[in-house]
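Q: what follows is a predicted structure for the sequence shown.
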Amino acid sequence: MKNKLHILALSFFCVFAGAHAQDAAPQNLKAVLDAQRGAAQITLAKGVYFLDATYKFENLKDVVFDGNGSEIICRKRTSTFRVSNCENLTLKNFSIDYDPLCYTQAEITDISADGVWTVRFFEGYELPDSKDYKKESMRLFDGKRRALKYDFPTIHGGFEMTAIEAPRTYKITISQTLAKSGVAKVGDLVVHTLRGGGHTIQSENSKNLVFEGITIYASPSFSMYEFNCENSTYEACVLKRKENDPKVSSPRLCAGNADGIHSQNAPVGFKVRNCTARDIGDDAITITSRYYPVTKVDEAEKCVYVMSREKPVFKNGDTLVFLRGGAEIMGKTKCGEFTDAGITQSEVKDHAKLYVRNLLMQDKYIYGTKVKLDPWIKELKAGDVFNAVERSGRGFVIENNFAGYTRARGIFVKSSDGVIKNNTVEECALAGIVLAQELNYMSGGCFENIEIANNTVKNCLLGGSNSLYTQAGAISVISANAQFKFSAAGAFKNITVTGNTVEGCPLPCILLTSIDGLTFKDNVIKPNFDAKRTWGQAIGVLNTQEVFEANVVQK
């Protein structure tokens, strides 16, 4: 009996001590981590920790950081962790949140006859910055569903916000087109981003990183971003809004402000398995690489001149794939010597005119590079682009994940030699699963040998319809060239689309273009015939059939 009482007392003490530890004042994470610098195993005692600045993991090899279920509060809207030049580094078992939050949230209390919203921001959320609000985005949520409003787009700028005398109350004037649509109702909810600098976990120039069992409740931009990282693994990570937050008077609607798990220019593609990415402000899971637009050709020297938004990541000896009009493959060659060549803004603006949809962020194109090719590819001209095969994320795996409840896409791939299998994608305002380049961002990949199999895509493409939006199917494999036409067959090679279920999405449910070697079978389609949308009509998509194909050669 004495032993039983002792065990009960000890159990009570452990529970009490654990609860007390959670209620204790947060510890300074920087100090705790600094004390373990140089250790191969870094472990936190389970608890709550705070960070006031980005913590950097640099030049580490064969190190494991185990958060042991701890909660990390980032007290500035900046990166929490930045990983640079590491190999075989594992980060696992912790959650990240922000205080203050990275967005603010309000309710529409009145809508005037001319469509002006009166909104009241909830207690616990910051008020919008009157100087910077136009730089940010605004999303409309259905007050009853507490999910993104159907048939209404995200607003990027183009609105006016003015404080009035009533506490925490503002007037918001949106475009007359949206105001007259009548979609917004009193009682609907508004989310307005409050961005900071950096991504929650940002990684660069590293190999064999492992992120396991990490939960991220908020982010000023991307939740998990990697650049030029090789063979990363994301296992059982969760990106979602936090429930039951006692600091806010209205439950949170969102998590991160932008992409969820985002890989760019990976020498070997990432593996994303058993993860959840939802309630975020852009694409949930995406892998991409850079296109380099050709501004000038010097056949005599066997050189091309290209421009870019960041310093080129391709290297001497890399395989370069050239694409006519940014879409149709002309040939492959090797990268020889390359040197800085300079670029002016007037040259950028002149070059941008070669693309019907134009280039975004033109002022960011500040790098000009002269690249020698070996062997030479005939008939190259300004307006072509190239992609570096060794920097395009080949070998990716996206499997057994949940993605959705986002204003953008669920899974967006611009790469090759990979699989997208057994995922569930729901409630994306745009398409659910996409293979496509984006010339206006100069991002893409050399699309070949990709399997899209046994995925379920539900209730996608129900956001505000846009006839210029080319990714018009809940599952979209779409290539559009610089002249805004479907590319010829061969922009994609050896694409398999099998065993997928598409449910509750408008027509067309599946969009397939520009493929040489398509395997398409055993897909189940259950359309939402009541949802009428104009997606893709400007490029020639017919919104009257379950599967739309153009320039496709079956395998």
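A: Structure's in. What do you need? Numbers count the residues shown, from 1 in each chain.
Q: roughly how far is stretch 179-194 from the heart of the chain?
A: 23 Å (Cα atoms, centre = their mean, to the nearest Å).
Q: quick check: end-to-end length of it?
A: 24 Å (Cα to Cα, to the nearest Å).
Q: count of neighbours near residue 204?
A: 16 (other Cβ atoms under 10 Å). Just so you know, the C-beta spots here come from the backbone N, C-alpha and C atoms, and that holds for glycine as well.
Q: and the next helix or strand past the helix or strand bottoming out on mean pLDDT in the chain?
A: Ranked by mean pLDDT, DSSP states H and E, the weakest helix or strand in the chain is helix 2-23, scoring a mean of 37. Later in the chain than helix 2-23, the nearest helix or strand by DSSP states H and E is strand 27-28.
Q: partner strands of that next one, parallel or antiparallel?
A: Strand 27-28 sits in its sheet next to strand 48-51 (parallel), going by DSSP bridges.
Q: buried ones in stretch 151-163?
A: Buried residues in stretch 151-163, counted by 16 or more other Cβ atoms under 10 Å: 152, 153, 154, 155, 159, 161.
Q: you'd agree the fourth one is up against residue 136?
A: Yep, that's residue 155 we're talking about. No: assessed by Cβ atoms under 8 Å, residue 155 is found out of contact with residue 136, at 9.6 Å.
Q: go ahead and confirm residue 258 touches residue 222.
A: Yes: between residue 258 and residue 222 there is a contact under Cβ under 8 Å: 5.1 Å.
Q: more neighbours: which of these two?
A: Each of residue 258 and residue 222 has its neighbours counted (other Cβ under 10 Å); residue 222 has more, 28 against 21.
Q: circling back to that earlier point, ok, the buried residues of stretch 151-163 vs residue 109, which is closest?
A: Nearest to residue 109, judged by Cβ to Cβ, of the buried residues of stretch 151-163 is residue 161 at 14.6 Å.
Q: isn't there a strand covering the closest one?
A: Yes: under DSSP: H, G, I helix; E, B strand; the rest coil, residue 161 falls within a strand.
Q: hmm, residue 155 and it touching each other?
A: No: applying Cβ under 8 Å, one finds residue 161 not in contact with residue 155, separated by 10.8 Å.
Q: now for the two: what residues contact both?
A: Counting by Cβ atoms under 8 Å, 6 or more residues apart in numbering, residue 161 and residue 155 have no contacts in common.
Q: name the SS class of residue 31, please.
A: helix.
Q: what's the separation between it and residue 112?
A: Residue 31 sits 53 Å away from residue 112 when distances are taken as Cβ to Cβ, to the nearest Å.
Q: could I get the contacting residues of residue 284?
A: For residue 284, the contacting residues are 239, 259-261, 277-278, 403-404, 406, 408-411, 425, 428, by Cβ under 8 Å, 6+ apart.
Q: which one of those residues is nearest to residue 550?
A: Comparing these against residue 550 with Cβ to Cβ places residue 409 closest, at 20.4 Å.
Q: sheet-wise, list the partners of the helix or strand containing residue 170 with their directions.
A: Using DSSP H and E, residue 170 sits in strand 169-173. Neighbouring strands of strand 169-173 in its sheet, by DSSP bridges, are strand 117-121 (antiparallel), strand 160-163 (antiparallel).
Q: so which of these gets nearest residue 350?
A: Closest approach to residue 350 among these is made by strand 160-163 (33.9 Å; Cβ to Cβ).
Q: kindly format the C-alpha coordinates of the closest one as PDB.
A: Below are the C-alpha coordinates for strand 160-163, written out as PDB (Å, rounded to 0.1, in the frame of the first residue of the first chain):
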ATOM      1  CA  GLU A 160      -8.100  51.700 -49.600                       C
ATOM      2  CA  MET A 161      -8.200  51.300 -45.800                       C
ATOM      3  CA  THR A 162      -9.100  54.200 -43.500                       C
ATOM      4  CA  ALA A 163      -9.500  54.300 -39.700                       C
END
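Q: now that strand: mean pLDDT?
A: Mean per-residue pLDDT for strand 160-163: 90.
Q: and for that strand, what are the contacting residues?
A: With Cβ under 8 Å, 6+ apart, strand 160-163 has contacts from 127, 128, 130, 133, 169, 170, 171, 172, 173, 192.
Q: so how far is it from its chain's centroid?
A: Centroid separation for strand 160-163 versus its chain: 29 Å, with Cα atoms, centre = their mean.
Q: with stretch 178-190 instead?
A: Using Cα atoms, centre = their mean, the offset of stretch 178-190 from its chain centre is 26 Å.
Q: ok so, going back, which one of the buried residues of stretch 151-163 is nearest residue 253?
A: Residue 253 lies nearest to residue 154 out of the buried residues of stretch 151-163, by Cβ to Cβ, at 13.3 Å.
Q: assign a three-state SS to the residue sitting nearest the centre point of the chain, would you?
A: Closest to where the C-alpha atoms of the chain average out (Cα atoms, centre = their mean) is residue 259, at 2.8 Å. Classification of residue 259 using three-state DSSP returns coil.
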